[in-house]
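1. Okay, sequence plus prediction incoming.
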Amino acid sequence: LFFFGDNPLGHAYHFVKDIVTAMVLVAALAALFHRVVLKPSRLTQSMEATLILLIIIVMMSADFIYWGSELLKNPTGNQAEPFAKLAAGWLATMDANTWATLGTIGFWTHSGLVLLFLNLLPHGKHFHVITSIPNVFFGNLEAAGKLPGDENIEKVLREEDDGGDEP
């Protein structure tokens, strides 16, 4: 697959994926801090929202650990991931069996949480994540409140000009 090969497109994909993963992790940490520590009155304090944020944080962290271990396994491979390199530097302080095990745990944690998240979605308020795509795709593009048009408007206007049905 060209996304995983040692080619410019693969490097670009891994770089963008790594940056987006870091941005998601930072945003989820900020949202969790906002929700748990600051507790603004406008937010409904629900365990579901906190659980979803925790799932996202663990999922992104597990992704960094997995890709960091992959960089350690193949140091001559794709090196286009700056945050995975940081994780690889942290993992390199451990012995090979430990970081390899953590990489495997990171992979399965990330994959398992994706499946858990997909199973939780239909039962909670985050179901809009799934339903928004068909809503946008099949949504009505007409302006709200627009009256239906008359296809025969020219015929109606001619009849009014001609006097219509009046004798």
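-> Cool, got the structure. Since the model is a prediction, treat every value here as computed from it, not as a measurement.

2. Next up, phi/psi of D95, please.
-> Dihedral pair for D95: phi -70, psi 160, per degrees, to the nearest 10.

3. which residues of this structure fall in helices?
-> 8-33, 47-73, 82-91, 96-120, 128-138, 153-161 (DSSP state H).

4. Between those helices, which one is closest to S41.
-> S41 sits nearest to helix 47-73 of all the helices of the chain, at 15.2 Å, using Cβ to Cβ. The way it works is simple: take the backbone N, C-alpha and C, and place the C-beta from them, glycine included.

5. returning to what we had before: same list, the helices of the chain, but as CSV with mean neighbour count please.
-> Converted to CSV, the helices of the chain look like this (neighbours: other Cβ atoms under 10 Å):
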stretch, mean neighbour count
helix 8-33, 15
helix 47-73, 19
helix 82-91, 18
helix 96-120, 15
helix 128-138, 10
helix 153-161, 10
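
6. Using JSON lines, lay out these together with mean pLDDT and distance to P40.
-> Below are the helices of the chain laid out as JSON lines (pLDDT from 0 to 100; distance: least, Cβ to Cβ, whole Å):
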{"stretch": "helix 8-33", "mean pLDDT": "94", "distance to P40": "12"}
{"stretch": "helix 47-73", "mean pLDDT": "94", "distance to P40": "13"}
{"stretch": "helix 82-91", "mean pLDDT": "95", "distance to P40": "30"}
{"stretch": "helix 96-120", "mean pLDDT": "95", "distance to P40": "24"}
{"stretch": "helix 128-138", "mean pLDDT": "86", "distance to P40": "21"}
{"stretch": "helix 153-161", "mean pLDDT": "70", "distance to P40": "53"}
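
7. got a markdown table for those helices, with distance to K39 too?
-> As requested, the helices of the chain are arranged in a markdown table below (distance: least, Cβ to Cβ, whole Å):
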| stretch | distance to K39 |
| --- | --- |
| helix 8-33 | 10 |
| helix 47-73 | 11 |
| helix 82-91 | 30 |
| helix 96-120 | 23 |
| helix 128-138 | 24 |
| helix 153-161 | 58 |
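
8. among those helices, which is nearest K146?
-> Here helix 153-161 is closest among the helices of the chain (Cβ to Cβ), at 14.9 Å.

9. So Y13 versus V20, what's the distance?
-> 11 Å (Cβ to Cβ, to the nearest Å).

10. Same question for L72.
-> Counting by Cβ to Cβ - L72 and V20 are separated by 22 Å.
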